[in-house]
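Q: Build the 3D model from these lines:
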Amino acid sequence: MSEVVLCERRGAIAILTMNLASKRNALSTTLSDALETQLSELQRDHSCRVIILTGGAHFCAGGELGSFSDNAMELRNEMRAGHRVVRQIITGRVPVIAAVEGSAFGAGLSLAAACDFVIADSDARFGAVYGKVGLMPDWGALWTLPQRVGMRRTRQIVMFSEVLGGEQALRDGLADHLAEQGAVLKVALNWAERLASAAPGAISATKAFMARSPMALEASLDWEADMQALLLASEDFAEGTQSFFDKRTAVFNGR
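A: The predicted structure follows:
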């Protein structure tokens, strides 16, 4: 598994690289399981504050067509395995940045859309071409895409099997930033460093809230009261307040 997904640590930042270049990182069961394992370990590791997910020259070509079982129950279990990866990204405490170069098609698009931030270049291609093979979007795309691009645009993208270049993805809100050619990972690392310097409890609480949205007003206010009270009582809040008065950069310890 360690060869299928490479993990590089740069201090508080972990870079996960899908490493099946010959298949453009098509999401086989092996790759899906390796992603889940790596993400799960990093989400539990409190020295990790940000995860960057990348695939090198091609982010992810989607599901590995031709490898699927013809048994409905086995197929459902395979889908559940993909869902475990999506949950690790969306509901995990550590923010995840997708660094997208080349193709992000099908489940690859879904994987990117599940991340908190998406950095791409103009040559990146995002495709929701499920309809061309007789499928509906999966890996959580019908939940994540409307939050990124709105319901109207989601219908167009998925029902017409659109392919979006990097610039269109940025205009639609699917991508958060368009980097220069060859600079996608560099920009992602810059964003990760900014996130890693923030109070991890505050980032985690904000991420957890947004994973539950949309939420009814009263439930939203209850959640806010509970979480903000914990943060106000934290060492990081005391450090943030003192650094403000001292006119210095805060150093947060996650407590």
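Q: Would you mind measuring from Ser220 to Ala124?
A: 34 Å (CB to CB, to the nearest Å). Heads up, the C-betas are built off the backbone N, CA and C, glycines and all.
Q: More neighbours: these two, which one.
A: Ala124 (28 against 14; other CB atoms under 10 Å).
Q: residues in contact with Gln147?
A: Neighbour list for Gln147: Ser213 [criterion: CB atoms under 8 Å, 6 or more residues apart in numbering].
Q: how about low-confidence regions in the protein?
A: Applying pLDDT under 70 to the chain picks out residues 1-2, 64-70.
Q: For it, which segments count as helices?
A: Under the criterion DSSP state H, the chain contains helices at 29-44, 72-91, 107-114, 141-149, 151-159, 166-172, 184-196, 200-211, 217-232, 235-246.
Q: And Leu31, how close does it get to Val4?
A: Distance of Leu31 to Val4, computed by CB to CB: 6 Å.
Q: which neighbours do those two share?
A: Residues touching both Leu31 and Val4 (CB under 8 Å, 6+ apart): Met18, Leu20.
Q: Now tabulate the helices of the chain in TSV and tack on distance to Val129.
A: Listed next are the helices of the chain as TSV, based on distance: least, CB to CB, whole Å:
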stretch	distance to Val129
helix 29-44	19
helix 72-91	17
helix 107-114	9
helix 141-149	12
helix 151-159	9
helix 166-172	15
helix 184-196	22
helix 200-211	27
helix 217-232	36
helix 235-246	44
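Q: Determine which stretch of those helices is the most buried.
A: When these are scored by mean count of other CB atoms under 10 Å, the highest mean neighbour count falls to helix 107-114 (a mean of 29).
Q: what's that helix in contact with?
A: Residues outside helix 107-114 that contact it (CB under 8 Å, 6+ apart) are 25, 27, 53, 55, 59-63, 82, 85-86, 89-90, 96, 98, 100, 104, 118, 126-128, 137-141, 144-145, 148, 174.
Q: Those residues in strands, which ones?
A: Members of those lying in strands (criterion: DSSP state E): Leu53, Val96, Ala98, Val100, Ala104, Val118, Phe126, Gly127.
Q: number of nearby residues for Arg49?
A: With other CB under 10 Å as criterion, Arg49 counts 26.
Q: Would you check how far apart it and Arg76 are?
A: 35 Å.
Q: Next: Ser161.
A: 24 Å.
Q: Could you do Gln88 as well?
A: For Gln88, the distance to Arg76 - CB to CB - is 19 Å.
Q: residue closest to the middle of this protein?
A: Using CA atoms, centre = their mean, the residue of the chain that lies closest to the mean C-alpha position is Cys115, 1.6 Å off.
Q: quick one: contacts for the residue nearest to that residue when sequence neighbours are not counted?
A: In space, Cys115 comes closest to Ala98 once its chain neighbours are excluded; the distance is 3.9 Å by CB to CB, 6 or more residues apart in numbering. Residues counted as contacts of Ala98 (CB under 8 Å, 6+ apart) are Ile52, Leu53, Thr54, Phe59, Ala104, Leu111, Ala112, Cys115, Phe117, Val118, Ile119, Ala188.
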